[in-house]
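> Just to be clear, the model below is a prediction. Sequence and coordinates:
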Amino acid sequence: MNSLFGQEIIGETWYINTIIGINLSDTKSFTLNKINSEDENHYILGNTITFNKDNTFSCNYSAPCGNDCFPSSMGTFKTIDKNHIRLFLKEFKQSGYCKNIEIKHNLDLGVYILKTTDDKTELKLVREKR
């Protein structure tokens, strides 16, 4: 894997292996996969993350029907350099067919190194040791 953050992920929505904040004891790494935005018939379902141009991020889960549990989180990020990003969790919510939760956070998750595959379809965020 090559290390590269660059501007290509800002403003983009990616699949993510888990919603950030759903399990605070497991924030060591996250795997992002590029969404094929060229497929018009492609519905974006599952766990996603968007890194916004205003240095906020949002994670959401979506399903084809409303009979599910829908976790989401919001936070901010700070680009350290082209290979590192710091994540801050601000809020975690959950609604639907599960226990409804809304938790405000002010949690520094740490600095993550960003590594991408050569074809840039998968991105790994791996937290550096604290």
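Nice, I can see it. Residues are numbered from 1 along each chain as shown.
> Going by C-alpha atoms from here, please, whenever you check contacts or count neighbours.
Noted.
> Quick check: beta-bridge partners of the spatially most central residue of the chain?
Among the residues of the chain, the one closest to the centroid is residue 49, at 3.7 Å (CA atoms, centre = their mean). Following DSSP bridges, residue 49 is listed with bridge partners residue 14, residue 59.
> Show the contacting residues for it.
13, 14, 15, 16, 19, 57, 58, 59, 60 (CA atoms under 8 Å, 6 or more residues apart in numbering).
> Could you please name the strands the host helix or strand of residue 76 pairs with and the direction of each pair?
Applying DSSP states H and E as the criterion places residue 76 in strand 69-81. The strands beside strand 69-81 in its sheet (DSSP bridges) come out as strand 56-62 (antiparallel), strand 84-96 (antiparallel).
> so for the first one, what's the average pLDDT?
Mean per-residue pLDDT for strand 56-62: 96.
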